[in-house]
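# Compute the structure for the input listed below.
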Amino acid sequence: MIDCILIDDEPANTRVLKKMLEEFCPDAHVIGEATDAAQAEELIRQQRPDLLFLDIEMPYGNAFDLLERLMPVDFEVIFVTAFNEYSLKAFRYNALDYLLKPLNIGELQTAVQKASERLRLRDSNRQLNNLLANLRQPDAHLHHLALPNMEGLSFVPVNTILRCEASGGYTLFYLRNGEKILSSKNIKEYEEILPADTFLRVHSAHIINLQCIRKYHKGRGGYIEMEDQAMIEVATRRKADFLSRFRH
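Below is the predicted model:
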């Protein structure tokens, strides 16, 4: 059983979420509700939940202010939000879950299951620390990426990523030190969250770090030689975008 606290300044939203959990997520047991950050902080310290369902904007401080005051934590967080694209990108970057309002049953079930798995791994503090740090910085300077894999999560400094390669529904990361990490997310997700000024998808199967190129070989699309001597094909339709990155 997962002990949950629901935090939302709209009681109607809390009622809907509670009913959905009761009906579709029987392992989630609601032990408390709060409508603002001050009330939530007191309740969390008293009840010591396993999981928070946390709205972003609340009276007396937002979700991130609340988390800053509570760190370090030993609970999981699922954000319930209508937040903008940049913030959702920050959540994805740290492998933290978020649910967009209005709530979707399937997405809720998936998020609760993932939270249950992470509770066994206990990566909460590092994930939340990275999220809060990344939210304070411009998009281009997001600095750590959480890669979900069979063992749990690997936290990788973004500037150590050499390239990414699609492997079915998975993504293989090649790091500059020669290490390889297979992530359970597909390459499309990483195309959306890696900093666009540094990383570029040059082929359906490849994203490269533009700072790690040794040479470009001409051709219909051409080939890129990377620091690790890998030869990466450039798709013909992506050639112009690639070459435009090097024009002054």
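# Please count neighbours and contacts with C-alpha atoms only from this point.
Fine.
# what's near enough to touch Arg237?
When contacts are counted by CA atoms under 8 Å, 6 or more residues apart in numbering, Arg237 is found next to Gly221.
# From Ile193, how far out is it?
According to CA to CA, to the nearest Å, Arg237 and Ile193 sit 21 Å apart.
# try Gly221
For Gly221, the distance to Ile193 - CA to CA - is 25 Å.
# Check Leu43 too.
As it turns out, when the distance is counted by CA to CA, Leu43 lies 34 Å from Ile193.
# can you pull the contacts of Gly61?
Asp36, Ala37, Ala38.
# domains of the chain?
Taking automatic domain parsing as the domain assignment, the ranges for the chain are 2-135, 148-244.
# Report the contact partners of the residue nearest to Ser184 when sequence neighbours are not counted.
Taking CA to CA, 6 or more residues apart in numbering as the measure, Ser184 lies nearest to Tyr170, with 4.8 Å between them; neighbours along the chain are not counted. Taking CA under 8 Å, 6+ apart as the criterion, Tyr170 is in contact with Leu182, Ser183, Ser184, Lys185, Asn186, Ile187.
# And the buried ones among the residues you listed, selectable in PyMOL?
Entered in PyMOL, the line below selects the buried ones among those, by 16 or more other CA atoms under 10 Å:
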select buried, resi 182+183+184+185+186+187
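# Next, format the contacts of Tyr170 as CSV and append pLDDT, secondary structure and distance to Val30.
Output for the contacts of Tyr170, formatted as CSV (pLDDT from 0 to 100; DSSP: H, G, I helix; E, B strand; the rest coil; distance: CA to CA, whole Å):
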residue, pLDDT, secondary structure, distance to Val30
Leu182, 93, strand, 35
Ser183, 92, strand, 32
Ser184, 87, coil, 30
Lys185, 88, coil, 30
Asn186, 91, coil, 33
Ile187, 93, helix, 36
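# Least confident secondary structure element in this protein?
Of all regular secondary-structure elements in the chain, judged by mean pLDDT, DSSP states H and E, the least confident is helix 85-93 with a mean of 63.
# Could you identify the helix or strand that succeeds it?
Next helix or strand after helix 85-93 toward the C-terminus (DSSP states H and E): strand 97-100.
# Now list the buried members of the contacts of Gly61.
Counted by 16+ other CA under 10 Å, the contacts of Gly61 give Asp36, Ala37 as buried.
# which among the contacts of Gly61 gets closest to Asn62?
When the contacts of Gly61 are ranked by distance to Asn62 (CA to CA), Ala37 comes first, at 6.7 Å.
# The strand or helix carrying Leu145 pairs with which strands?
Mapping Leu145 onto the secondary structure by DSSP H and E places it in strand 144-149. Taking DSSP bridges as the criterion, strand 144-149 forms sheet pairs with strand 152-157 (antiparallel).
# Could I get the CA-only coordinates of the partner strand as PDB?
Taking Å, rounded to 0.1, in the frame of the first residue of the first chain, the C-alpha atoms of strand 152-157 are listed here in PDB:
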ATOM      1  CA  GLY A 152      17.000   2.100 -11.900                       C
ATOM      2  CA  LEU A 153      18.300   5.500 -12.900                       C
ATOM      3  CA  SER A 154      21.600   6.700 -14.200                       C
ATOM      4  CA  PHE A 155      22.300  10.400 -13.600                       C
ATOM      5  CA  VAL A 156      24.500  11.700 -16.400                       C
ATOM      6  CA  PRO A 157      26.000  15.200 -16.800                       C
END
